[in-house]
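>>> output the structure for:
(chains A and B)
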Amino acid sequence: MKRHLISAADLSRDEAVLILDTAAELASVAGRPIRKLPTLRGMTVVNLFYEDSTRTRTSFEAAAKRLSADVINFSARGSSVAKGESLKDTALTLEAMGADAVVIRHSASGAAHRLAGWVTGSVVNAGDGTHEHPTQALLDAFTIRQCLGAPGSQAGSPAGSPGPAPARRGHGLDGVRVTIVGDVLHSRVARSNVLLLSTLGAEVTLVAPPTLMPYAVETWPCRAGYDLDSELPKTDVVMMLRVQQERMTAAYFPSVREYRRRYGLDAGRMALLPGHAIVMHPGPMNRGVEIAAEVADSPRSTVVAQVANGVTVRMAVLYLMLGGAGAAS
Amino acid sequence: MSERDGMGERGRRDGTGERDGGHRDGRNDSGNSDSGNTEWLIRGVRIAGGPAGPQGGLVADIRLAGGVIAEIGRHLSAPGARVLDAAGLVALPGLVDLHTHLREPGREDAETVETGTRAAALGGYTAVHAMANTEPVADTAGVVEQVWRLGRQAGYCDVRPVGAVTVGLAGKHLAELGAMADSAAAVRVFSDDGNCVADPLLMRRALEYVKAFDGVIAQHAQEPRLTEGAQLNEGEVASRLGLAGWPAAAEEAIIARDCLLAAHVGSRLHVCHVSTAGSVEIIRWAKSKGWQVTAEVTPHHLLLTDDLAAGYDPVFKVNPPLRTRDDVSALRQGLADGTIDCVATDHAPHPVEAKETEWAAAANGVTGLETALRVVQLAMVDTGLLDWAGVADRMSVRPAEIGRLTGHGVPLGPGGPANLTLYDPDAPEEAVDPAAHASKSRNSPFAGMALPGRVYATFLRGAATVLDGKVTR
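Got it, this is the predicted structure:
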């Protein structure tokens, strides 16, 4: 395992599969009466959050605590960051406090990359601007593998069904067809997923209005199109992206109503999906915009499973980064 | 001929010259000050852009006296003159920069007129145009005269202030352009650089108004709405890095508009830091119409590309942004064929803390005065696109003409001003070390890059400001 996790592109297929397998192993801990492992006892993990994201922060916090690490939450609000301290000075402060790993969420693309140049500990990117969010992609990949399995096993277990699936260990996502829908342009989740899922062998298709499709997307390891209805029947996984409030007034599309009509996933559209297909969303959802309530609450939705898997995948990342490779087996 | 035949090697410079009767200037006398009264005899130099010689390749002696070039010829003799053995060096008319940020007044932490002009002299410049985006903005006769006076005190090179087009660079009201033109600073170049004069009506009026005193509007071509929050050239790299795109069309649209306006009102337009292949095409078209449009390109846009941003190091953050390989080759071609008139550094010093940040939070700009000529050698001369006469034209003659700057940019010849640069194109490649720069700031995008060549000496009105690559005082 590399020292930092900044981009999904940092991971080889073998490394990504190792993380997923480790997560599957660790998932069993969640079912035990005492859900803590002593692996990272005495180590310090700092959650450095420049953006409010309670769900991601608590997910990392739970992951670190289940591995017995000490967790320091360092949020922009109420700290020296709010007084204008630079990222570099904050990094030096964390360094002086002996952080073994820094989990950073920041509104600027590349912030995690910069931080890694200023600290000696490991850096985990928990979302940098519109760049990447690699642990989200890992938990999405884990969820897909859990629900659909490996090649030829597309009649996988129903979405959200618990329990490990040992037969899938060691496998990637070869041949799984994933369609990512929405504001790809500004989505760190989409960038990381395109990279990671394609590394794992999945066939990724992006669907967005042309205004929200990244420039030069043809150079990415995926297909891209504008028509959701034609993609859904040949999709195993549809991943709906959140439409940020600020996009709704910035001329990317005429109105929320029109966006919903053309790119929202409602019950009618969901019916176009093959029977085994699952519906994912990184959260938080805009119900009634990109996803209708009956879809979000349907058995195909993996939203809750994604949250649960987030903790185990992040445990796996911290475990492998700080606890040493090879520990998984 | 003996000069040409006998002194091709660099090592000979130290061992010759005594026989001329004058005392010799070797490499270690850079501490000597030079008041300008000294008579100089520059021996065996290759004269670029001079009146004679194929490809400007005449090898001759140059005698400087009384602030002018007294003589050019073979085997000159000048008892009492300081002799400088210049075999293997190229003599260029002193370089002129149309686009320099000296930061004073206001941001003396980044640069002062003194440090900036010292950097300029070390880069071979004898005149620089100081951009208007200081604090306070150079939008009044008072501020431009202050900058002009600071330049005279510093004495390393002539400082020609650029006046702001609009009050406070705000793009709302014309600044008192006439007062700046009539001031002691005699401003002829006006620019809101850093900001685009985006309002088309205001741009039209500015273009028209400066005709009264033969001024020129130097436009920072950037359509503001198309570049809101823009961070890096809109292309494959920015898309992958999740950095907001700065589309080429945002530059090209303004250039096209301004060319049409300049043609309509019969005015002079100068386009700052052209960065895209499309811009070169539009300017080529405008010139083919006979319109009075000139343009500059920076050394960094002639050499560097947007993929350097992959590590999110803001030392590569500059506005307009680094573009693609195709743009670089179109810019080089445009400079070679004269579509782009000149090289201008856009030297933009920033303190360390302005660059030691996240990419989006960092300041735009790179330093360039001390590396410009070396970069031009690498990008243009060593590639065969431009000879040294061409370099003299693009880095001295043309920018002085555009700025209506007298006493500079005069091809080397008897009776001309003794403003010249001696450059050693065969100096061993050396990695750029910003810590060694005279500029107060360290934000060179060429740090660590091996560049050819070395500025050996710079003369301002017959006085050496730089000798053996070091300032003389």
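>>> near chain B, which residues of the stretch 101-250 of chain A are found?
By the rule CB under 8 Å from any CB of the partner chain, the part of the stretch 101-250 of chain A lying against chain B is A:106, A:108-111, A:113-114, A:128-132, A:188, A:191, A:214-217, A:219-220. For every residue, glycine as well, the C-beta is placed using N, CA and C.
>>> show the buried residues in those residues.
By neighbour count, with 16 or more other CB atoms under 10 Å in any protein chain shown, these hold A:106, A:108-111, A:113-114, A:128-132, A:188, A:191, A:214-215, A:217, A:220 as buried.
>>> am I right that residue B:70 falls within a helix?
No. The assignment for residue B:70, made by DSSP: H, G, I helix; E, B strand; the rest coil, is strand rather than a helix.
>>> tell me the bridge partners for the closest residue to it other than its chain neighbours.
Nearest residue to residue B:70, sequence neighbours excluded (CB to CB, 6 or more residues apart in numbering or on different chains): residue B:63, at 4.6 Å. The partner list for residue B:63 in beta bridges (DSSP bridges) reads residue B:41, residue B:71.
>>> count of neighbours near residue B:63?
Neighbourhood size, residue B:63 [other CB atoms under 10 Å in any protein chain shown]: 21.
>>> confidence score at it?
Reported pLDDT at residue B:63 in the predicted model: 97.
>>> cool, residue B:20 as well?
pLDDT at residue B:20 comes out at 42.
>>> for residue A:52, same thing?
Confidence score, pLDDT, at residue A:52: 85.
>>> please enumerate the strands of chain A.
For chain A, the strands defined by DSSP state E occupy A:44-49, A:70-75, A:101-106, A:122-128, A:177-181, A:203-207, A:223-225, A:237-240, A:278-280.
>>> any chance of JSON lines for these, columns mean pLDDT and distance to residue B:109?
JSON lines is the format used below for these (pLDDT from 0 to 100; distance: least, CB to CB, whole Å):
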{"stretch": "strand A:44-49", "mean pLDDT": "95", "distance to residue B:109": "29"}
{"stretch": "strand A:70-75", "mean pLDDT": "90", "distance to residue B:109": "30"}
{"stretch": "strand A:101-106", "mean pLDDT": "96", "distance to residue B:109": "27"}
{"stretch": "strand A:122-128", "mean pLDDT": "97", "distance to residue B:109": "29"}
{"stretch": "strand A:177-181", "mean pLDDT": "98", "distance to residue B:109": "46"}
{"stretch": "strand A:203-207", "mean pLDDT": "98", "distance to residue B:109": "46"}
{"stretch": "strand A:223-225", "mean pLDDT": "97", "distance to residue B:109": "47"}
{"stretch": "strand A:237-240", "mean pLDDT": "98", "distance to residue B:109": "48"}
{"stretch": "strand A:278-280", "mean pLDDT": "98", "distance to residue B:109": "50"}
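>>> would you format these as CSV with distance to residue B:69 included?
Shown next, in CSV, are those (distance: least, CB to CB, whole Å):
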stretch, distance to residue B:69
strand A:44-49, 63
strand A:70-75, 66
strand A:101-106, 58
strand A:122-128, 58
strand A:177-181, 69
strand A:203-207, 65
strand A:223-225, 64
strand A:237-240, 73
strand A:278-280, 76
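>>> outside of the helix or strand hosting residue B:334, which residues touch it?
If you go by DSSP states H and E, residue B:334 is part of helix B:325-337. Helix B:325-337 is contacted by residues B:248, B:274-277, B:280-281, B:283-284, B:295, B:297, B:301-305, B:339-340, B:343, B:379-380, B:383, B:385-386, B:390, B:394 when judged by CB atoms under 8 Å, 6 or more residues apart in numbering or on different chains.
>>> buried residues in it?
B:327-328, B:330-332, B:334-336.
>>> would you confirm that residue B:324 contacts residue B:304?
No. In this structure, residue B:324 is not within contact of residue B:304 by CB atoms under 8 Å, at 10.8 Å.
>>> so the two - more neighbours on which side?
When residue B:324 and residue B:304 are compared for neighbours, residue B:304 comes out ahead with 22 against 18, by other CB under 10 Å.
>>> how many residues are close by the closest residue to the more buried one other than its chain neighbours?
Distances taken as CB to CB, 6+ apart place residue B:322 nearest to residue B:304, at 5.0 Å, with adjacent residues excluded. If you count neighbours by other CB under 10 Å, residue B:322 ends up with 25.
>>> could you pull up the contacting residues of residue B:322?
Residue B:322 touches B:232-233, B:300-301, B:304-306, B:308-309, B:316, counting by CB under 8 Å, 6+ apart.
>>> recalculate using a threshold of 6 Å.
When contacts are counted by CB atoms under 6 Å, 6 or more residues apart in numbering or on different chains, residue B:322 is found next to B:304-306.
>>> nearest to chain A, of the residues you listed?
The nearest member of those to chain A, counting by CB to the nearest CB, is residue B:306 at 11.4 Å.
>>> list the contacts of residue B:151.
B:113, B:159.
>>> for chain A, see how far away it is.
Using CB to the nearest CB, to the nearest Å, we find residue B:151 at a distance of 34 Å from chain A.
>>> now name the helix or strand holding that residue.
Residue-wise, residue B:151 maps onto helix B:141-154 under DSSP H and E.
>>> any buried residues in that helix, and which?
Quick answer for helix B:141-154 (16+ other CB under 10 Å): B:141, B:143-148, B:150-151, B:154.
>>> okay, now the unreliable bits of chain B?
B:1-36, B:49-57 (pLDDT under 70).
>>> burial measure for residue B:223, as a count.
When neighbours are defined as other CB under 10 Å, residue B:223 has 17 of them.
>>> what's the closest non-adjacent residue to it?
residue B:250 (4.2 Å).
>>> give me the mean pLDDT for stretch A:310-321.
96.
>>> what comes into contact with that stretch?
Contact with stretch A:310-321 is made by A:1, A:19, A:22-23, A:26-27, A:39, A:59-60, A:62-64, A:66-67, A:122, A:135, A:138-139, A:142, as judged by CB under 6 Å, 6+ apart.
>>> what about the helices in the stretch 251-400 of chain B?
For the stretch 251-400 of chain B, the helices defined by DSSP state H, counting those that start in this stretch cover B:277-288, B:299-303, B:325-337, B:372-376, B:388-392, B:398-402.
>>> now distance to residue B:186 too, for these, in TSV please.
Shown next, in TSV, are the helices of the stretch 251-400 of chain B (distance: least, CB to CB, whole Å):
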stretch	distance to residue B:186
helix B:277-288	27
helix B:299-303	27
helix B:325-337	28
helix B:372-376	25
helix B:388-392	24
helix B:398-402	14
